[in-house]
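Visitor: Take this sequence and fold it.
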Amino acid sequence: MTAAVITGAASGIGAAIANRVAAPGVKLVLHSRKNVSGLLAVAEAAQAAGAETETAILDLSDPSNAAKLVQDAVHFMGGIDWLISNAGFADSRLITDLPDDGIQASLTPIADSFFRMAKEAAPFLQASERGRVVAISSFVAHRFSPSGDHFPASAAAKAALEALALSLASELAGANVTVNIVAPGYTQKDKGAHAALSQERWQEIIERIPFARLGKPDECAAAVAYFLSDEAAYVTGQIIHVDGGLGL
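Guide: Sure, this is the predicted structure:
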């Protein structure tokens with residue numbers, strides 16, 4: 001039995017990851033901040049694929065909820081083999097437009113929650129025969145072009161997430177636990193989902209992407225699935241950019 005926690009699983013990349021890994025012999029704790037209907041739909045699809053599921057509605061902006069999520073997951077599953085940290089949001093406000101707490105508003109649910117979940121989950125990951133951690137970052141932590149869009153709060157949070165993940169990779173290597181990062185580029189949103197940019201801006205962005213299209217959530221999920229696989233048992237501390245050549 002493989003026990004996995006996926007945050008931000010109600011839509012987009014998180015939902016695609018759940019769809020990828022759901023199978024007989026898999027237990028999933030699926031998390032969302034508030035999208036109950038989306039999360040239940042993802043859980044139902046995972047159950048249809050043979051997985052056992054539990055859902056958790058928790059706001060990771062509350063620092064106490066990250067550890068609680070792991071504790072509840074261990075209670076349901078008996079341990080944790082895979083921790084996939086995907087929860088987050090895009091904040092397109094410029095530094096000059098951000099309030100004083102604007103950076104912290106992104107850091108807490110993205111980087112701080114990863115730190116707290118990883119700290120709580122570490123003993124269980126170390127006890128697992130195939131412990132895996134995958135953090136979902138973003139191109140915004142790597143790309144700062146004057147002609148591009150700027151997401152300073154999101155970039156700071158994702159860069160901190162990456163630093164924590166790489167540090168964790170070093171710390172847990174002795175227990176054969178892998179820790180890796182997937183950094184998506186611009187990726188399709190679910191129909192009706194909130195978008196930080198206008199439709200006109202999205203079209204301008206597509207024209208700048210070498211592949212001339214947005215990424216698909218399942219393309220990011222495929223990279224995550226590789227990191228979770230037995231084939232990647234000797235791969236740790238790595239970043240895969242799934243961005244259609246945006247970083248070239």
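Visitor: what's near enough to touch the residue nearest the centre of the chain?
Guide: Closest to where the C-alpha atoms of the chain average out (C-alpha atoms, centre = their mean) is residue 86, at 1.7 Å. Residue 86 makes contact with 6-9, 13-14, 17, 136, according to C-beta atoms under 8 Å, 6 or more residues apart in numbering. Quick note: C-beta positions are derived from backbone N, CA and C, even for glycine.
Visitor: Which of those residues has the largest number of neighbours?
Guide: residue 17 (33 neighbours; other C-beta atoms under 10 Å).
Visitor: For the nearest residue to that one once chain neighbours are set aside, the count of nearby residues, please.
Guide: For residue 17, ignoring the flanking residues on the chain, the nearest one in space by C-beta to C-beta, 6 or more residues apart in numbering is residue 221 at 4.6 Å. The local packing of residue 221 (other C-beta under 10 Å) involves 25 other residues.
Visitor: Ramachandran coordinates for residue 221?
Guide: As for residue 221, its main-chain torsions (degrees, to the nearest 10) stand at phi -60, psi -30.
Visitor: What mean pLDDT does stretch 20-30 get?
Guide: In this model, stretch 20-30 has a mean pLDDT of 98.
Visitor: Alpha carbons of the helix or strand bottoming out on mean pLDDT in the chain, as CSV, please.
Guide: In the chain, the helix or strand scored least confidently by mean pLDDT, DSSP states H and E is helix 199-208, which has a mean of 84. The C-alpha trace of helix 199-208 is given here as CSV (Å, rounded to 0.1, in the frame of the first residue of the first chain):
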residue,chain,number,x,y,z
GLN,A,199,-7.5,37.0,-21.8
GLU,A,200,-5.6,39.5,-23.9
ARG,A,201,-2.6,39.1,-21.7
TRP,A,202,-2.8,35.3,-22.0
GLN,A,203,-2.7,35.6,-25.8
GLU,A,204,0.4,37.8,-25.6
ILE,A,205,2.1,35.3,-23.4
ILE,A,206,1.3,32.4,-25.7
GLU,A,207,3.1,34.3,-28.5
ARG,A,208,6.2,34.4,-26.3
